[in-house]
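Engineer: Need coordinates for the below:
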Amino acid sequence: MTNTADTSWDQLGDWIGRTEQRDDIVTAAPLAGLIATLDRSDDPAPLAGTALPPLAHWLYFLPQAMQHEIGVDGHPKRGGFLPPVPLPRRMWAGGRLQFAHPIRVGEAVTRRSTITRVDAKQGRSGALVFVTVQHEVLNADGVALTEEHDIVYRADPEAGALPPTPLPAPTNEDFGRTITPDPVLLFRYSALTFNGHRIHYDRSYVTEVEGYPGLIVHGPLIATLLVDLLRRELPNAVLTQFDFKAASPLFDLHPFSVCGRREAEGSVLLWARNHLGELAMNARALIA
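Structural biologist: Residues are numbered from 1 along each chain as shown. Next up is the predicted model:
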């Protein structure tokens, strides 16, 4: 464990149990933007009463830090609700969601968030800190969905360090699509989610400062594309649970595939596979 993670552990643990509440109105414009970004040309324009598709709640409750509060990476500076982890790289690692009933355009909604876990570890690439936040999203009918959101903070890799060996992705899908993650797609999703993280749109920053080969596809966008694939294949299915975990990054340099395979009744495996056949994200959906 590096000295940074050691000296900060006690203070980071103090964030467990911290809560935050945000209120919002489910407006139609962000949903219309997501429909366009996902190229769902057959979807009707959202109106009052339109149910949000699964994961579209990520378009609301957005943090709106003042410009002077933004760090060099485009994220808000550390502290506030999330613990001030002293590691430079922050990624959305995965999540687990349960859907109880729809959220609809025009509704007033509330998100209650609690930090449930802060773990410091030593990985092959250096210090790691995992933070889990539990969200409850409520409307007039009660809790519409619950979500556990996993965030990982990483140290910069040491000079000459080799990246972890990616896992091979399954090739036995029942259905799938090819996605071309061009800079416009990434920019539009960043705009929809008010995400200033420069790894998604600033090529000189992501290649010269963080050392990646290209712009990084957002983890939530990949998850959204997996759910969108499910909606295209099984348009009448009702998603009741969705668990996903990032495995390796995707870049705007090559197309990738989103894939699905039916398991037992009511269960579908989903995954994203890069152009080399490597696993980028895996997921499981429970449907009714």
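Engineer: Can you give me the neighbour number for residue 49?
Structural biologist: By the other C-beta atoms under 10 Å criterion, the neighbourhood of residue 49 contains 10 residues. For the C-beta atoms, the positions are set from N, CA and C on the backbone; glycine is no exception.
Engineer: and it, helix, strand or coil?
Structural biologist: When the structure is reduced to helix, strand and coil (DSSP: H, G, I helix; E, B strand; the rest coil), residue 49 reads as coil.
Engineer: now residue 228
Structural biologist: Using three-state DSSP, the secondary structure recorded for residue 228 is helix.
Engineer: confidence score at it?
Structural biologist: With respect to pLDDT, residue 228 scores 98.
Engineer: Thought residue 40 was touching it, still the case?
Structural biologist: Yes. Between residue 228 and residue 40 there is a contact at 7.4 Å, judged by C-beta atoms under 8 Å.
Engineer: So the closest residue to residue 283 other than its chain neighbours: helix, strand or coil?
Structural biologist: Counting by C-beta to C-beta, 6 or more residues apart in numbering, residue 244 is the residue found nearest to residue 283 once chain neighbours are left out, at 3.7 Å. Taken by three-state DSSP, the conformation at residue 244 corresponds to strand.
Engineer: I figured residue 76 was touching residue 68, is that so?
Structural biologist: No. Because the distance of 10.5 Å does not satisfy C-beta under 8 Å, residue 76 is recorded as not touching residue 68.
Engineer: Look at these two and report which has more neighbours.
Structural biologist: The neighbour count for residue 76 versus residue 68, taken as other C-beta under 10 Å, is higher for residue 76 (18 against 6).
Engineer: For that one, list each beta-bridge partner.
Structural biologist: Beta-bridge partners of residue 76, counted by DSSP bridges, are residue 70.
Engineer: quick one: it and residue 110, what's the gap?
Structural biologist: Per C-beta to C-beta, to the nearest Å, residue 76 is found 21 Å from residue 110.
Engineer: quick revisit: which residues does the residue nearest to residue 283 bridge with?
Structural biologist: residue 95, residue 283.
Engineer: Make sure it is actually in contact with residue 226.
Structural biologist: Yes. Under the criterion of C-beta under 8 Å, residue 244 is in contact with residue 226, at a separation of 6.8 Å.
Engineer: SS state for residue 33?
Structural biologist: With three-state DSSP as the basis, residue 33 sits in helix.
Engineer: Alpha carbons of stretch 259-270, as CSV, please.
Structural biologist: Taking Å, rounded to 0.1, in the frame of the first residue of the first chain, the C-alpha atoms of stretch 259-270 are listed here in CSV:
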residue,chain,number,x,y,z
CYS,A,259,-24.1,-8.8,-27.2
GLY,A,260,-26.8,-10.8,-25.5
ARG,A,261,-27.7,-14.4,-24.7
ARG,A,262,-30.9,-15.7,-23.1
GLU,A,263,-30.3,-17.9,-20.1
ALA,A,264,-33.1,-19.4,-17.9
GLU,A,265,-36.6,-18.0,-18.1
GLY,A,266,-36.4,-14.3,-17.2
SER,A,267,-32.6,-14.0,-17.3
VAL,A,268,-30.4,-12.5,-20.1
LEU,A,269,-26.6,-12.2,-20.1
LEU,A,270,-25.2,-9.1,-21.8
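Engineer: buried ones in that stretch?
Structural biologist: For stretch 259-270, the buried set under the neighbour-count rule, 16 or more other C-beta atoms under 10 Å, comprises 259-260, 268-270.
Engineer: With respect to residue 238, which of those is nearest?
Structural biologist: Among the buried residues of stretch 259-270, residue 268 lies closest to residue 238 (C-beta to C-beta), at 12.4 Å.
Engineer: mean confidence for the stretch of helix or strand the closest one belongs to?
Structural biologist: Per DSSP states H and E, residue 268 falls inside strand 267-273. In this model, strand 267-273 has a mean pLDDT of 98.
Engineer: Note down every partner strand of that strand and its orientation.
Structural biologist: Looking at strand 267-273 with DSSP bridges, its paired strands and their directions are strand 256-262 (antiparallel), strand 279-287 (antiparallel).
Engineer: Of those, which is nearest residue 141?
Structural biologist: If we rank the strands paired with strand 267-273 by C-beta to C-beta, the stretch that ends up nearest is strand 279-287, at 20.8 Å.
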